[in-house]
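Student: 3D model of this:
(chains A and B)
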Protein chains: 2
Amino acid sequence: MNEEQSSYVKEIVDGSIVTPIGFSAAGIHAGLRYAKKDLGAIISEVPANAAAVYTTSHFQAAPLKVTQASIQAEKLIQAVIVNSACANACTGEKGLQDAYKMRELMAEHLQIKKEYVAVSSTGVIGEYLKMDKIASGIQQISEGSTVSHADAFQEAILTTDTVMKKCCYTAKLGGVTVTMGGTSKGSGMIHPNMATMLAFITTDAKIDSDCLQSSLSKVIPTTFNQITVDGDTSTNDTVLVLANGMAENEAITAEHPDYPVFLELLAKTCESLAKQIAKDGEGATKLIEVEVSGSKTEEEARAIAKQIVGSNLVKTAVYGSDANWGRIITAIGQTNTDVNPASVDIAIGNIVMLKNSEPQAFSEDEAINYLNQDFIKITVDLHNGESKGKAWGCDLSYDYVKINASYRT
Amino acid sequence: MNEEQSSYVKEIVDGSIVTPIGFSAAGIHAGLRYAKKDLGAIISEVPANAAAVYTTSHFQAAPLKVTQASIQAEKLIQAVIVNSACANACTGEKGLQDAYKMRELMAEHLQIKKEYVAVSSTGVIGEYLKMDKIASGIQQISEGSTVSHADAFQEAILTTDTVMKKCCYTAKLGGVTVTMGGTSKGSGMIHPNMATMLAFITTDAKIDSDCLQSSLSKVIPTTFNQITVDGDTSTNDTVLVLANGMAENEAITAEHPDYPVFLELLAKTCESLAKQIAKDGEGATKLIEVEVSGSKTEEEARAIAKQIVGSNLVKTAVYGSDANWGRIITAIGQTNTDVNPASVDIAIGNIVMLKNSEPQAFSEDEAINYLNQDFIKITVDLHNGESKGKAWGCDLSYDYVKINASYRT
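Tutor: Predicted coordinates:
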């Protein structure tokens, strides 16, 4: 995955959302669907400072409104309850009442304030939650901090995903070791705009809650907002970060000398989860990373990178291992950006195909060999400025069509 | 195709680009590809007033620059030479010279001014034209005005298209019958922005050339710009209209009482060609029409309609005959428009699925029966204003992936 290790932030390969001090998790089969686990929870020993970003869709789902209300109360969250199978989106007044009821049931089960509970749902839009199953499911939740507890949660939030997504990083803040774990679900309806699908991040770092929110807002544009699977922005996208402070470091604020370290810790966590979602896009066989440099602004570089990685024609060419760079040019061409059509370089892997906008001879065999791998890097240099940006996506396969022609039925 | 007949404009079912007085056509196999016809021409007996719109891509292909130069000279075009198999796009200085050479060869063949020749190319991006084949091909062009001549041209411009696109309409201007014929190619890389792929329209109407250009610019936003197959805007999109005046009607200007009739004639022609392209989108099995009403502005209605019809998730659901209206909501939700999330109606065919943003019970069997047809109408009422708009697209099938995973190789 080309993950570079920085000097400040280290990966904990076997870590997860329960690795930070004071976090536990659970996942069970509540019967919202046939067999798979479908109800999960993350719980902190103490109320944690919370920050979240949500979809910019006009149709924010009911649970997002409840989570927003919870965070607004005291900016503290102690537990998250999440179901899959049903998104509880476009369900009107009844859907909103159901989401509030779900919060209340979880608060009663844990004997905590209802405003300390965040609610999250993912699955089919326009269907009501089966509240009897949710209610009895919540009673069965019994959290713990083992690997299998984390796995149970990570499994419970999946829909068409084929693998669980998780990561864990550690860093020192003010001389104290803090840990951050994350998990997410994705696969379809992935074209985040502000936040994405569901992602949950836990950390034992102590950090001011306003600073936590601004840190999250700062890293989202270069991480979750830079992945796309199908160009469709979900109604339920949420990224939620819980910081319970149990590492006992000196509290991080924007002025703290180790604030950049915290930002990097959060950015690495978000980028890892985002890339795992892209790689597990519906029907995907390959992760595509596009890096654009030489643009006037970072925003333009990111916009171009996302346009390329979101193009159905690029995605199908990558699936077919066809070095059809004309489709990359097409994607760049239609962006509303400042591009000099005479100065563009394009490479797939290390194979240069266009230089100063002139086609270059290359070995088709070498290109096919490269494109047959499962990580594909596309590099574009616009020679039009000093900025750069990245985006991640996946190829478009027969299985994408298969999965989506029959998702609901 | 739900084509309504207006009182002013009548369809000529068997008509084509050679039906208007004074137009002839040809199509031959020049050897740019294995067997299919690949070089075509449209010729007018006299120089015709010409208007064109082109792709807004940063990377306009070489032939577009040559055609622009030709039209700029006297606003008159007498012949169009078109090849498929090679787009002559991103081919740098050599590509531009090739396109000028192609114009010159055609002008010599017909013994006309080179500025009266328009040049057009479609096919793979980033490869050079085989100029020896183009040169000998042009020598073989022998035009005529029979159905088979028109068909030969219509075939020569196709790439991954499975059917020829054509239409013909007639109307009376100042008491004189005029005729308009059109043909186009499409299938992939279809997400026009200003104009689309290749479309050629002939008419014997007499019309001022500035008025012709403004008429074309007026109808493009509601016709060609409202179709999408894959969200990718080509480098070669061109719509070219030739009006040779041989019907001898009183010249149409913006002040002429029959100007609205001419506009309708042109709009019907453009809409027919645009819908034929959408229906023949790569791998498509169904034509999808989306009509949005109740919006604040027509632009918003069109933007929402196009977002819905362009959504991979909507397209795969239609392919699988799955009435998954949550994906329609998702598409609406992510548009940058003024939407009241509490007042939306959605229907597929006549089956209402969402009313005032509340889910409605409906018969799944009835929905599947409707979705198994090859024309699918999706209707959205935002109840937020008085404007409306339409867009057209197609479903996303296994064959789309198959075609595009191996297009170039």
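
Student: all strands of the stretch 301-409 of chain A, in order?
Tutor: Counting by DSSP state E, counting those that start in this stretch, the stretch 301-409 of chain A has strands at residues A:345-348, A:351-355, A:358-359, A:375-381, A:387-394.

Student: what pairs with the third one, parallel or antiparallel?
Tutor: Which is strand A:358-359. With DSSP bridges as the criterion, the sheet partners recorded for strand A:358-359 are strand A:351-355 (antiparallel).

Student: average pLDDT across the strand it pairs with?
Tutor: Strand A:351-355 shows an average pLDDT of 94 in the prediction.

Student: can you list contacts of it?
Tutor: Defining contact as C-beta atoms under 8 Å, 6 or more residues apart in numbering or on different chains, one finds that strand A:351-355 is touched by A:323, A:325, A:329, A:344-347, A:359-360, A:362-363, A:366-367, A:370, B:90, B:126. For the C-beta atoms, the positions are set from N, CA and C on the backbone; glycine is no exception.

Student: which of the strands of the stretch 301-409 of chain A has the lowest average pLDDT?
Tutor: strand A:358-359 (a mean of 88).

Student: wait, which of the strands of the stretch 301-409 of chain A is closest to A:T179?
Tutor: A:T179 sits nearest to strand A:387-394 of all these, at 24.7 Å, using C-beta to C-beta.

Student: is the closest one anywhere near chain B?
Tutor: No - shown here: strand A:387-394 not in contact with chain B (C-beta under 8 Å from any C-beta of the partner chain), separated by at least 12.2 Å.

Student: quickly compare the strands of the stretch 301-409 of chain A and say which is most buried.
Tutor: The highest mean neighbour count among the strands of the stretch 301-409 of chain A, using mean count of other C-beta atoms under 10 Å in any protein chain shown, belongs to strand A:387-394: a mean of 24.

Student: extract the C-alpha set from that strand and format it as PDB.
Tutor: Output in PDB follows, covering the C-alpha atoms of strand A:387-394 (Å, rounded to 0.1, in the frame of the first residue of the first chain):
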ATOM      1  CA  SER A 387       1.000  22.000  -6.200                       C
ATOM      2  CA  LYS A 388       0.000  18.400  -6.000                       C
ATOM      3  CA  GLY A 389      -2.600  16.000  -4.800                       C
ATOM      4  CA  LYS A 390      -3.700  12.400  -4.700                       C
ATOM      5  CA  ALA A 391      -6.900  10.300  -5.000                       C
ATOM      6  CA  TRP A 392      -7.700   6.700  -4.700                       C
ATOM      7  CA  GLY A 393     -10.300   4.400  -6.400                       C
ATOM      8  CA  CYS A 394     -10.700   1.000  -7.900                       C
END
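
Student: top strand in chain A by residue count?
Tutor: The strand spanning the most residues in chain A, taking DSSP state E as the definition, is strand A:39-54.

Student: the residue of the stretch 51-200 of chain A found nearest chain B: neighbour count?
Tutor: Of all residues in the stretch 51-200 of chain A, A:I125 sits closest to chain B, at 2.6 Å by C-beta to the nearest C-beta. Using other C-beta atoms under 10 Å in any protein chain shown, A:I125 has 26 neighbouring residues.

Student: pLDDT score assigned to it?
Tutor: The model's pLDDT for A:I125 equals 84.

Student: please apply the same query to A:K218.
Tutor: A:K218 carries a pLDDT score of 89 in this model.
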